[in-house]
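K.L.:
need a 3D model of the following:
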Amino acid sequence: MKIYDAEDQIIGRMASVIAKQLLNGERVFVVNVENAVLIGSRKDKLTTYKAKRERGDPHHGPFFPKTADGIFRRTVRGMLPWDKTRGREAYRRLRVAVGIPEELRGKEDQFEKIEAADRKKTRARFVELGELAVLLGAKKKW
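P.N.:
Numbering: from 1, shown residues only. Purely as a prediction, here's the structure:
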């Protein structure tokens with residue numbers, strides 16, 4: 001099982017690497033997902049994600065999450081072949097947590113970072129996923 005720390009990682013780049021690993025049969029656990037970042041201005045990202053949340057019918061969907069861990073899981077799901085059995089089985093191998101769960105405390109030395117997803121390599125505007133989730137109406141859990 002691979003454990004990734006999402007702090008200061010760009011979620012799109014991170015999600016694409018994780019999706020490939022899930023399709024190869026690996027189990028992946030992502031922690032500190034509230035500190036992952038989206039590249040772009042806060043206003044742009046908020047309008048984009050609000051539109052996704054408000055799309056469709058509240059009873060019949062499509063349903064889009066407003067929590068940080070839900071948004072990250074949905075981003076990875078978009079990179080998997082969801083309409084096929086192997087995509088759904090790969091998605092079941094993904095675990096996402098806000099903060100560091102009790103079962104992983106003390107194992108911080110095993111956490112990995114994805115080099116290609118490091119935010120510090122870019123000087124673009126960004127918004128943290130936890131901050132976006134709060135703006136969408138999620139309760140702060142961290």
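
K.L.:
for this protein, which segments count as strands?
P.N.:
Counting by DSSP state E, one finds strands in the chain at the ranges 2-5, 28-31, 37-39, 94-96, 126-128.

K.L.:
leaving out sequence neighbours, find the closest residue to the residue positioned nearest the centre of the chain.
P.N.:
Nearest to the mean C-alpha position of the chain, by Cα atoms, centre = their mean, lies Phe72 at 1.9 Å. Residue nearest to Phe72 in three dimensions, not counting chain neighbours: Val33, with 4.8 Å by Cβ to Cβ, 6 or more residues apart in numbering. All C-beta spots, glycine's among them, are computed from the backbone N, C-alpha and C.

K.L.:
what's the distance between the one you found and Pro81?
P.N.:
Applying Cβ to Cβ, to the nearest Å, the value for Val33 to Pro81 is 23 Å.

K.L.:
so between those two, which is more surrounded?
P.N.:
Val33 (28 against 13; other Cβ atoms under 10 Å).

K.L.:
perfect, I'm done here.
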